[in-house]
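Engineer: Next one to model:
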Amino acid sequence: MTLNFFKRVASVVVIGMMTVALSGCLYPKDQLTQNKLPPKDAILTVQAVVDQYQKDTGLLPILNSTPETPLYEKYRIDFEKLQQMNYVSDIPATAYEKGGSYYYLIINEETDPTVKLMNLVLSQKVNDIQASVKAYSDAHQGKLPTGKSVYPDFTSINYDNLNLKEPVLQSVFTGQTLSTIMDAKGNVYLDYGIDITQALNKLDSGKKPDDKQDLRELLVEHSDLVPVKSPIYRLKNGEPQAMLK
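Structural biologist: Okay, the predicted model is just below:
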């Protein structure tokens, strides 16, 4: 084999590597990471640490929140405290604190503290829509870009008024496209009605929830994720309905 042959092989390898690298650059970072879940062992490890911390201290390693903080954003894990007290040597790479795309949260904090994840890419997309709605309202004497009625307390958003194309927001539970909804104050949410309907259809007839249960529990029960930017859902005439309280 000649030297020229090896040079040609090396050139092919380099070009191939450049093609792979460039193909990654063709996609926005949020598209690459939106549905990339952390390894299951990372979640299980954090759960074990939280359990041990609570056993040792009688407390949960969570950051302070306010009464206004939404339920599925409320109890973020305080990794800095866990590091300072030598409960963890390193923070998971997928955590926000390490530049990752997830908040690590605790739900069922009083009865069965359980580690779940909040998708920050999806959350930020909703925040961007929220900013556009506020800018429109500020420029139109408080008027909102209201679309059609979706639930008694919510409407769709008229994206034509915002001069925006309606975004494609993918559910972390089913992969389906989620719609955005808005309350009378202009607060923007994701509508998980389709996801919840699917979860209800999988239940045995004898296990149907009552009309007081928050149906979002059906989504988190069999997932490591929480419903980002979601309203409360309860059964109304046998169908899931988004509610403000």
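Engineer: And the strands in the chain, which stretches?
Structural biologist: Per DSSP state E, the chain carries strands over the ranges 102-107, 114-119, 146-151, 154-157, 169-170, 177-182, 188-191, 232-236, 239-243.
Engineer: Residues touching the first one, excluding its own?
Structural biologist: Counting by Cβ atoms under 8 Å, 6 or more residues apart in numbering, strand 102-107 makes contact with 38, 46, 50, 60, 62, 71-77, 79, 92, 94-96, 113-120, 220, 226, all of which sit outside it. (Glycine included, C-beta is placed from N, CA and C.)
Engineer: before we move on, what about the third one?
Structural biologist: For strand 146-151, the external contacting residues (Cβ under 8 Å, 6+ apart) are Thr155, Ser156, Ile157, Asn158, Ser179, Ile181, Met182, Asp191, Gln241, Ala242, Met243.
Engineer: what's the burial count for the first one?
Structural biologist: In terms of burial, Thr155 registers 17 neighbours under the definition other Cβ atoms under 10 Å.
Engineer: what's across from it in the sheet?
Structural biologist: On the basis of DSSP bridges, Thr155 is bridged to Ser149, Met182.
Engineer: residues near Leu190, how many?
Structural biologist: 23.
Engineer: what sits against it?
Structural biologist: Leu122, Val126, Leu169, Leu178, Ser179, Thr180, Ile181, Pro227, Val228, Lys229, Ser230.
Engineer: of the residues you listed, closest to Asn237?
Structural biologist: Among the contacts of Leu190, Ile181 lies closest to Asn237 (Cβ to Cβ), at 18.8 Å.
Engineer: As JSON lines, the contacts of strand 146-151 with pLDDT would be great.
Structural biologist: Shown next, in JSON lines, are those (pLDDT from 0 to 100):
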{"residue": "Thr155", "pLDDT": "98"}
{"residue": "Ser156", "pLDDT": "98"}
{"residue": "Ile157", "pLDDT": "98"}
{"residue": "Asn158", "pLDDT": "98"}
{"residue": "Ser179", "pLDDT": "97"}
{"residue": "Ile181", "pLDDT": "98"}
{"residue": "Met182", "pLDDT": "98"}
{"residue": "Asp191", "pLDDT": "98"}
{"residue": "Gln241", "pLDDT": "97"}
{"residue": "Ala242", "pLDDT": "98"}
{"residue": "Met243", "pLDDT": "96"}
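Engineer: Give me the buried subset of these.
Structural biologist: Thr155, Ser156, Ile157, Asn158, Ser179, Ile181, Met182, Asp191, Gln241, Ala242 (16 or more other Cβ atoms under 10 Å).
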